[in-house]
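Trainee: Could you look at this predicted model? Sequence included:
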Amino acid sequence: MREWEQEEPLIIERGKGSYLIDTEGKRYLDGTSSIWVNLHGHRHPMLDRAITLQLDKIAHSSLFGISNPPAVQLAQALIRIAPKGLTRVFYSDNGSTAVEIALKMAIQYWQQRRPDAGPKHTFLHLKLAYHGDTVGAVSVGNIELFHSRFKSLLFPTLEADPPYCYRCPLSLTYPSCEMACLDPIERILKTHHRELAGFIIEPLVQAAAGMLTSPPGYLKRIRELCTKYDVLLIADEVATGFGRTGKMFACQHEGVTPDLMAISKGLTGGYMPLAATVTTDDIYQAFLGKYEDFNTFFHGHSYTGNPLGCAVALANLAVFKKENTLARLQPKIKTMARLLRPLRQLPHVGDIRQRGFIAAVELVEERQTRKPYPLETRMGHRVAMEARRRGLLLRPIGNVMILIPPLSTSLPELRRMVDILHASIEIAT
Ligand SMILES: Cc1ncc(COP(=O)(O)O)c(C=O)c1O
């Protein structure tokens, strides 16, 4: 905080397309989509219009026992694009909360639907997972730097090693490892399935861990194991949802339907705080019953299903259709890979990971030994400050540089982003 106080504050006043513009009029490419939320660029006319049209009707009414047209229509639209079998939508207002809801639903589901399955009171998750900053989400997370101070508040969970191939916890190499990291996961599920309400995972990309990309087939195998051992699969698609990985949802790359799916960030194209926990009819049914059984899900937020948020989320999905966003993204994903390739020549670039339109460049002090820069060197921050001077706004994760631009980014803009990243790494390291 002290260092931040001494830095020049950056105050963003406006935006247009892939650019953010500060109070001095300086323009920056939005290299992280304003923390992974923006999809179609800033000030998109269809999204702007959706909000003003809705504002002419009403800004907010509650979803407690009643509803509003955009919330109803959005739920229908989400079911159409979600992995097959997800048919029920529960709204909230941010990613952490969508995760909390999934956890609570899973716990209550087992109590009311299948009490014989065991005292299913906890969750399995991966090390280095990040599912948000509220206490339940932190309990199923494992990023020491963010979470260690709050240990006394957290509920106990079971953890497994992540598929971090660059720093393989088993010291193996992909593909000859044949995903041996799945064996300990199966052992945990086999031993503890009666205690496990769910396995929560960031599908395909463990985002805040530094964009760790899982090998093909990994997620599908996790789905099979969860089914085999009667444990719900909770997919946290908060970061990966809405096209980031090249398909609408990451789970769809491997034909996986989770039992619960948390979505937020890109849900409104980066315009409004809105989230949803999407689930199956089987889970929905567990919450029905006679009044006096009190089987309902006692959970709700004041701004749940906010009409402005739902209206702009509908417009977001309309833009996907109208602009053919996913089809037009495919060549950009290939170009991103090609543009990033030369960065491998830089002596302090240890690993480059990419999944869809999400890229990460892991900086290391020594390439040979993969020795990380000590956090005190603030190397990631130094690179980001160099990039900022050159007109690219980045937010690194430790010493991992993240590039996750709006899906609408043009090829020249993408080229400029990678050029600036390249030059900034070269200079700072
Ligand atoms: C995978 C994942 N889950 C949950 C969250 C939390 O979302 P929010 O910041 O909206 O609470 C994030 C945020 O980065 C995330 O990456």
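Mentor: Yep, it's here. Just so you know, these numbers come straight off a predicted model, no measurement behind them.
Trainee: who in the stretch 251-400 of the chain is up against the ligand?
Mentor: Residues of the stretch 251-400 of the chain lying close to the ligand (C-beta under 6 Å from any ligand atom) are residue 264. All C-beta spots, glycine's among them, are computed from the backbone N, C-alpha and C.
Trainee: And the pLDDT at the closest residue to the ligand within the stretch 251-400 of the chain?
Mentor: Ranking the residues of the stretch 251-400 of the chain by distance to the ligand (C-beta to the nearest ligand atom) places residue 264 first, at 4.8 Å. Residue 264 carries a pLDDT value of 98.
Trainee: Same question for residue 124.
Mentor: pLDDT for residue 124: 98.
Trainee: residues touching the residue of the stretch 251-400 of the chain closest to the ligand, list them.
Mentor: Counting by C-beta atoms under 8 Å, 6 or more residues apart in numbering, residue 264 makes contact with 94, 95, 98, 238, 241, 273, 274, 275, 276.
Trainee: Assign residue 14 to helix, strand or coil.
Mentor: Under DSSP: H, G, I helix; E, B strand; the rest coil, residue 14 falls in the strand class.
Trainee: doesn't residue 23 make contact with it?
Mentor: No - if you go by C-beta atoms under 8 Å, residue 14 and residue 23 don't touch, sitting 9.2 Å apart.
Trainee: Quick check on residue 289: phi, psi?
Mentor: phi 170, psi 180 (degrees, to the nearest 10).
Trainee: What does the pLDDT read for it?
Mentor: pLDDT recorded at residue 289 is 95.
Trainee: One more: residue 4?
Mentor: Note on residue 4: pLDDT of 89.
Trainee: part of a helix, is residue 368?
Mentor: No - secondary structure of residue 368 (three-state DSSP): coil, not part of a helix.
Trainee: Number of residues surrounding it?
Mentor: By the criterion of other C-beta atoms under 10 Å, residue 368 has 7 neighbours.
Trainee: if we can go back for a sec, and the contacts of residue 264, which of them are in helices?
Mentor: Within the contacts of residue 264, residues falling in helices by DSSP state H are 95, 98.
Trainee: which one of the contacts of residue 264 sits closest to residue 321?
Mentor: For the contacts of residue 264, the residue nearest residue 321 by C-beta to C-beta is residue 241; the value is 16.5 Å.
Trainee: Next, that closest one: phi, psi?
Mentor: Taking degrees, to the nearest 10 as the convention, residue 241 sits at phi -70, psi 170.
Trainee: hang on, the earlier thing: what's the spacing between the residue of the stretch 251-400 of the chain closest to the ligand and residue 208?
Mentor: The gap separating residue 264 from residue 208 is 14 Å, by C-beta to C-beta, to the nearest Å.
Trainee: Can you name the residues of the stretch 101-250 of the chain that neighbour the ligand?
Mentor: With C-beta under 6 Å from any ligand atom as the criterion, the stretch 101-250 of the chain meets the ligand at residues 130, 131, 132, 202, 207, 208, 236, 238, 239.
Trainee: So which of the residues you listed wins on neighbours?
Mentor: Neighbour counts for those (other C-beta under 10 Å) peak at residue 236, which has 33 neighbours.
Trainee: Residues in a beta bridge with that residue, which ones?
Mentor: When bridges are called by DSSP bridges, residue 236 pairs up with residue 262.
Trainee: residue ranges for the strands of the stretch 251-400 of the chain, please.
Mentor: Assigned by DSSP state E, counting those that start in this stretch, the strands in the stretch 251-400 of the chain fall at 260-263, 275-279, 349-355, 358-366, 371-372, 392-393, 400-403.
Trainee: Format those as JSON lines; extra columns: mean neighbour count.
Mentor: Converted to JSON lines, these look like this (neighbours: other C-beta atoms under 10 Å):
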{"stretch": "strand 260-263", "mean neighbour count": "28"}
{"stretch": "strand 275-279", "mean neighbour count": "27"}
{"stretch": "strand 349-355", "mean neighbour count": "20"}
{"stretch": "strand 358-366", "mean neighbour count": "23"}
{"stretch": "strand 371-372", "mean neighbour count": "14"}
{"stretch": "strand 392-393", "mean neighbour count": "22"}
{"stretch": "strand 400-403", "mean neighbour count": "24"}
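Trainee: dump the residue contacts of residue 399.
Mentor: Contacts for residue 399 (C-beta under 8 Å, 6+ apart) come out as 362, 363, 364, 372, 373, 375, 377, 379, 380.
Trainee: please redo it, this time with the cut-off set to 10 Å
Mentor: The neighbours of residue 399, taking C-beta atoms under 10 Å, 6 or more residues apart in numbering as the test, are 210, 348, 350, 361-365, 372-375, 377-383, 429.
Trainee: same check, this time on residue 181
Mentor: Shown in contact with residue 181 (C-beta under 10 Å, 6+ apart): 126, 160-165, 168-170, 172, 174, 214-215, 218.
Trainee: circling back: ok, the residue of the stretch 251-400 of the chain closest to the ligand to residue 358 distance?
Mentor: Applying C-beta to C-beta to residue 264 and residue 358 gives a distance of 16 Å.
Trainee: just the contacts of residue 181 now: which is nearest the ligand?
Mentor: Of all those, the ligand sits closest to residue 126, with 11.4 Å by C-beta to the nearest ligand atom.
Trainee: can I assume the closest one is in contact with residue 212?
Mentor: Yes - look at residue 126 against residue 212 with C-beta atoms under 10 Å: they come within range, at 9.0 Å.
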